[in-house]
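K.L.:
Pasting the sequence and the predicted model now:
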Amino acid sequence: MLANAKAAKHVSDAMFEILRQVQESMAAVQETCSQEEYVAYREAVGKVVAPVIFDVLQPLYSDHPALATDLIQRIPPTVPHP
């Protein structure tokens, strides 16, 4: 996807930040909204997160596997589930 390692690292870090913020928003919704609202939000978020993972990160990490290892080490242990 991106041959330049510096650009790839920048994109990886930016996508990680997006995913971190989405995870935080899911936790906030789960804590403050009804289960029905949380499930609807989680489904909507999945439609946003999937392209980030499969269309951006997967090809990026295919070209720069060390970035994937770095990201895996920074991922929080869990995403809230119902």
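P.N.:
Okay, I see it.

K.L.:
hey, which helix or strand in this structure has the poorest pLDDT?
P.N.:
helix 65-74 (a mean of 74; mean pLDDT, DSSP states H and E).

K.L.:
check which helix or strand covers the most centrally placed residue in the chain.
P.N.:
By CA atoms, centre = their mean, the chain has its centre lying nearest to residue 19, at 3.0 Å. Remark: residue 19 resides in helix 5-32, with elements defined by DSSP states H and E.

K.L.:
average model confidence for that helix?
P.N.:
Mean pLDDT, helix 5-32: 94.

K.L.:
name the helices or strands packed onto that helix?
P.N.:
Packing partners of helix 5-32 (3 or more CB pairs under 8 Å, 6 or more residues apart in numbering; DSSP states H and E): helix 35-51, helix 58-63, helix 65-74. In short, each C-beta sits where N, CA and C put it, glycine included.

K.L.:
If you count neighbours, what's buried in the shortest one?
P.N.:
Residues of helix 58-63 classed as buried: 60, 61 (neighbour count, 16 or more other CB atoms under 10 Å).

K.L.:
who's in contact with that helix?
P.N.:
1, 2, 3, 8, 11, 12, 15, 67, 68, 71 (CB atoms under 8 Å, 6 or more residues apart in numbering).
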